[in-house]
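In: pasting the structure only:
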């Protein structure tokens, strides 16, 4: 669940911000490693406790209030630092949008998507490849929370399910794949999931193009996917 607040951008690159300002520690927003946020928004909201609660790995999306093409996306590299009148957020660049953000005194929106501690998926979902990895594979850089996230996640879920079904030909392999996590899964399996995700993403059923990859007649996967998974399944004997 994302929350957003309105501030005024200042092109000063030193702290502290004043009034209802947001400042960065670099002239080029894409090179910033710190975001300084005044506690009071332009519409008078005291956002102190919310800003103070921002933790590591939180997505920050900074956008011009009236122009979505001027935006930049960061991820926090550490928790918020309380400086009494403003909050410091250490960040790293996730994705630039448009050119070039931002002008002095420009009204901007700060959209915050906090990381929620995982207690286990409420519904089955892709666990071996992250949504961010899939977006990077497809060269997509829309902001977190975009409606396209859920569409891509469904395709990623389907790709992972298909790959696991292909690998789980025996009880031995089913016991092996059950232990895989995003950190321990063989990299060739991740690569195969991404390839299949890319195919599902491109060929949605509404594309008349015949430029689809060749298919293995027994598996309906491309030979490239079968080659990646050759060592992560037992052969099926006739």
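Out: Now that the structure is in, tell me what you want to look at. Values in this document were obtained by computation on a predicted structure and should not be read as measured data.
In: show me which residues of the biggest helix by length in the chain are buried.
Out: Determined from DSSP state H, the single longest helix within the chain is helix 148-167. Residues 149, 152, 155-157, 159-160, 162-164, 166-167 are the ones in helix 148-167 that count as buried (16 or more other Cβ atoms under 10 Å). Where you see a C-beta, it was placed from the backbone N, CA and C, and this is true even at glycine.
In: which residues are contacting whichever helix or strand comes after it?
Out: Moving toward the C-terminus from helix 148-167, the next helix or strand (DSSP states H and E) is helix 171-177. Helix 171-177 is contacted from outside by 164, 167-168, 232-234, using Cβ atoms under 8 Å, 6 or more residues apart in numbering.
In: can you do 10 Å?
Out: Outside helix 171-177, the residues within contact range by Cβ atoms under 10 Å, 6 or more residues apart in numbering are 128, 163-168, 170, 185-186, 189, 232-234.
In: measure how far that helix is from the centre of its chain, please.
Out: Centroid separation for helix 171-177 versus its chain: 30 Å, with Cα atoms, centre = their mean, to the nearest Å.
In: hang on, the earlier thing: redo the buried residues of helix 148-167 as CSV? Include distance to residue 29 and pLDDT.
Out: As requested, these are exported to CSV (distance: Cβ to Cβ, whole Å; pLDDT from 0 to 100):
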residue, distance to residue 29, pLDDT
149, 23, 84
152, 26, 87
155, 31, 87
156, 30, 90
157, 34, 89
159, 34, 89
160, 35, 90
162, 40, 89
163, 38, 90
164, 41, 90
166, 44, 88
167, 43, 89
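In: so how far is residue 10 from residue 107?
Out: Distance of residue 107 to residue 10, computed by Cβ to Cβ, to the nearest Å: 12 Å.
In: mind checking the SS state of residue 133?
Out: State at residue 133, reduced to three classes by DSSP: H, G, I helix; E, B strand; the rest coil: helix.
In: how near is it to residue 172?
Out: According to Cβ to Cβ, residue 133 stands 28 Å off from residue 172.
In: what about the two, which has more around it?
Out: residue 133 (17 against 11; other Cβ atoms under 10 Å).
In: next, the contact list for that one, please.
Out: Under the criterion of Cβ under 10 Å, 6+ apart, the neighbours of residue 133 are 126, 156, 182, 190, 193-194, 197.
In: can you name the two of the residues you listed that are farthest apart?
Out: Farthest apart among the contacts of residue 133 by Cβ to Cβ are 182 and 197. That separation is 14.4 Å.
In: more neighbours, these two?
Out: Ranked by neighbour count (other Cβ under 10 Å), residue 182 and residue 197 place residue 197 first, with 25 against 12.
In: the more buried one - that's part of a helix, no?
Out: Yes: under three-state DSSP, residue 197 falls within a helix.
In: leaving out the residues flanking it, which one is nearest to it?
Out: residue 159 (4.2 Å; Cβ to Cβ, 6 or more residues apart in numbering).
In: my guess is the one you found contacts residue 191. True?
Out: No: with contact defined as Cβ atoms under 10 Å, residue 159 does not reach residue 191; the gap is 11.4 Å.
In: which neighbours do those two share?
Out: By Cβ under 10 Å, 6+ apart, the residues touching both residue 159 and residue 191 are 129, 225.
In: about what we covered before: got the contacts of helix 171-177 as TSV, with distance to residue 60 columns?
Out: Listed next are those as TSV, based on distance: Cβ to Cβ, whole Å:
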residue	distance to residue 60
128	27
163	33
164	34
165	38
166	39
167	38
168	40
170	46
185	29
186	33
189	32
232	38
233	42
234	46
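In: good, we can wrap up now.
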